[in-house]
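Enquirer: How does the following fold in three dimensions:
(2 chains)
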Amino acid sequence: MTDLLALTALEAHEAMVAGDLAADEYTAAWKEAAAGDELNAYLWRDEGGEEGRAIAVERDCIAPIAVKDIFTTEGVPTTAGSRILEGYRPPYTSTAVRKLLEAGAPILGKTNMDEFAMGSSNENSAYGPVLNPWDRGRVPGGSSGGSAAVVAGGLAPWAIGTDTGGSIRQPAAFCGIVGLKPTYGAISRYGMIAFASSLDQCGPLTRTVSDAALLLGILQGHDPCDSTSVGIEGGVSLPDREDLSGLRFGVPAELRGDDYDSGVRAVFEQTLKRIEDLGGEIAEVSLPSSEHGISAYYVIAPAEASSNLARYDGVRYGMRAGGDGDLLQMYETTRSEGFGPEVKRRIMLGTYALSSGYYEAYYGQAQKVRTRIAEDFTGAFAGVDFVVTPTAPSVAFGLGEKTDDPLSMYLNDFFTVPMSLAGIPAISIPAGLAEPEGGGPQLPVGFQIAAPAFAEQKLLDAAYALEQGIGFDAKPGDGNG
Amino acid sequence: MIERDQVLHVARLARLRLSEGEVEQMVGELSGILEHVDRIGNLDLEGVEPTSHVVKLENVLRPDEPRPSLPRDVALASAPDPQDGAFRAPSPQAE
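Expert: Reported below is the predicted structural model:
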């Protein structure tokens, strides 16, 4: 069994196609592994019952997958980590999941997440926090914390998540795996429960860059049900680049400060040297508006969320409370009891930013900053192929460490938000280990590479070459007590 | 930065009922966040086009053809209080 689980999703796929691996045996091994979840990472698992019938595959030929609980799955509970959707069984399946099923990937289960994808630690789930497999006293990152934890913790070969401001890349970094946020529009958002519609994007969380490429190839494409989806022209092939010669990597001058953890900084600098060893060139680029990314993001995302979450009103689906009063009382009681503190905070923030008299000063201004940030990247890509940064300013922090200070939690997204606002693809790959500030066993550090819109193939090729060069092979439990 | 009255007003707009403790907390937390966000208020962005969407798509059209939609009973299956093939909700007017 252990041997089966050691295969990457790509290796397993190739072995199944070649007839060297029995798909049912492989899937059964993963179901057994998933059943041993001690990380609170799964909210639902397929145990072969009636419930999973509507999302069963006809023929397994792709590794089974864990799906963030934000994707609708017909007949299978879909909560988005919220009390307000407890027990909800959607009447339809999201396009991303449908494509996985059509490709022959059985769904192992639905993974825990920050409520409505709002959070950077997974502590905002109504169903309790996910624990980091490297250190169960620490967060796995968020909002796709469950999807990152199952891959790193050996509870799934791969997973999908969503990224609005870093929600795939940051948990991938905290858990020592690969996380890719594709270009906005690469993958359909149909059936992906909306948080901030102009930013939300589905993407892979995997052990390797090759697995991410395989998964992106399955998921990408135009979907008539999402008119903002365009797909990736020419599709995605498996990366095979061996070096980085002829490629230029830009380090933003503004992000080279010393206001993040020294351990993260050391791994980042080491990785830049590795890029040079592989024949790549390091250059300095300027992203002057990126320092305003967090401010713009925390206006735009909550504004869109306040509008998107207006649909949870206790009428058509989900929870209803206070039904004995009048309509307004029912709305207010349902929403006050159904939403958790972070969701309420963001709805308040977004409603305020969109309210009469403040719209121009906040939302209007933030949209202009967004233009500036996108222009900064366009300018940078005129001189370099990629922009690189650490994925997060620290390694995984402790459970409860930042819950009393929402602003410090938001600042965790400093390196990932600018790419989201610009709509460009970015990948986080594990680059090394570092001690947390204040000491303790070493934890993974992510290295972020961003590319121009729809340049996923080039991004995956470069990430693959760098991944081979780094040779990161640490796993949770290696000398970490 | 943000006053108690504004918090109560915004909560009404958002159809949220906040407890006394939540109001207190919201005043402090929203003020802190807005103080950070206000940094962009002072930027000179005169003449910069706002970005509402990053994909350059306009007027995405499809043929106007009838297609099957969710059957009524399926659409109503998750409703808290379906009745006579419709969604039932409390009266907007207090009794």
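
Enquirer: what separates A:S82 from A:S289, distance-wise?
Expert: In this view, A:S82 and A:S289 are 33 Å apart by CB to CB, to the nearest Å. Any C-beta I mention is one placed from the backbone N, CA and C, and that applies to glycine too.

Enquirer: Of the two, which one has the most company?
Expert: Neighbours were counted for A:S82 and for A:S289 using other CB atoms under 10 Å in any protein chain shown; A:S82 has more, 28 against 24.

Enquirer: Surely A:L21 touches A:A12?
Expert: Yes: with contact defined as CB atoms under 8 Å, A:L21 and A:A12 form a contacting pair (6.2 Å).

Enquirer: Which residue of these two possesses the greater neighbour count?
Expert: Neighbour tally, A:L21 and A:A12, criterion other CB under 10 Å: the higher count belongs to A:A12, 26 against 16.

Enquirer: Next up, the contacts around the more buried one.
Expert: For A:A12, the contact set (CB atoms under 8 Å, 6 or more residues apart in numbering or on different chains) comprises A:L4, A:L21, A:Y26, A:A63, A:P157.

Enquirer: for A:Q468, same thing?
Expert: Contact partners of A:Q468, counting by CB under 8 Å, 6+ apart, are A:E242.

Enquirer: how about it, secondary structure?
Expert: Following DSSP: H, G, I helix; E, B strand; the rest coil, A:Q468 is assigned to helix.

Enquirer: Distance of it relative to A:G217?
Expert: Taking CB to CB, one finds A:Q468 at 20 Å from A:G217.

Enquirer: ok, now which ones touch the residue in chain A that chain B sits nearest to?
Expert: The nearest approach of chain A to chain B comes at A:G423, 3.0 Å away (CB to the nearest CB). Applying CB under 8 Å, 6+ apart to A:G423 gives the contacts A:T183, A:Y184, A:G185, A:A374, A:A453, B:V54, B:V55.

Enquirer: and the last one, backbone torsions?
Expert: Backbone dihedrals for B:V55, given as degrees, to the nearest 10, come out at phi -90, psi 130.

Enquirer: re earlier: which pair of the contacts of A:A12 spans the longest distance?
Expert: Distances among the contacts of A:A12 were taken as CB to CB; the most separated pair is A:L21 and A:P157, at 12.3 Å.

Enquirer: one step back: JSON lines for the contacts of A:G423, including distance to A:E115?
Expert: Shown next, in JSON lines, are the contacts of A:G423 (distance: CB to CB, whole Å):
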{"residue": "A:T183", "distance to A:E115": "26"}
{"residue": "A:Y184", "distance to A:E115": "23"}
{"residue": "A:G185", "distance to A:E115": "26"}
{"residue": "A:A374", "distance to A:E115": "29"}
{"residue": "A:A453", "distance to A:E115": "30"}
{"residue": "B:V54", "distance to A:E115": "26"}
{"residue": "B:V55", "distance to A:E115": "27"}
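
Enquirer: which regions of the chain sit below the pLDDT cut-off?
Expert: Since no chain was named, I'll use chain A. A:1-2, A:256-258, A:479-481 (pLDDT under 70).

Enquirer: right idea, wrong chain: chain B
Expert: Using pLDDT under 70, chain B drops low at B:94-95.

Enquirer: Helices of that one, residue ranges please.
Expert: With DSSP state H as the criterion, chain B has helices at B:4-13, B:20-37, B:72-76.

Enquirer: Tell me the residues of the stretch 151-300 of chain A that contact chain B?
Expert: Counting by CB under 8 Å from any CB of the partner chain, the stretch 151-300 of chain A comes close to chain B at A:184-185, A:198, A:224, A:227-228, A:230, A:292, A:294-296, A:298-299.

Enquirer: among those, which are in strands?
Expert: Assigned to strands by DSSP state E, none of these qualify.

Enquirer: For the stretch 351-481 of chain A, which residues are neighbours of chain B?
Expert: Residues of the stretch 351-481 of chain A found near chain B, taking CB under 8 Å from any CB as the criterion, are A:351-352, A:355, A:361-362, A:364-372, A:374, A:406-407, A:410, A:421-423, A:453.

Enquirer: Please name the nearest non-neighbouring residue to the residue in chain B that chain A sits nearest to.
Expert: Residue nearest to chain A within chain B (CB to the nearest CB): B:V54, separated by 3.0 Å. Nearest residue to B:V54 in three dimensions, chain neighbours excluded: A:G423, at 3.0 Å (CB to CB, 6 or more residues apart in numbering or on different chains).
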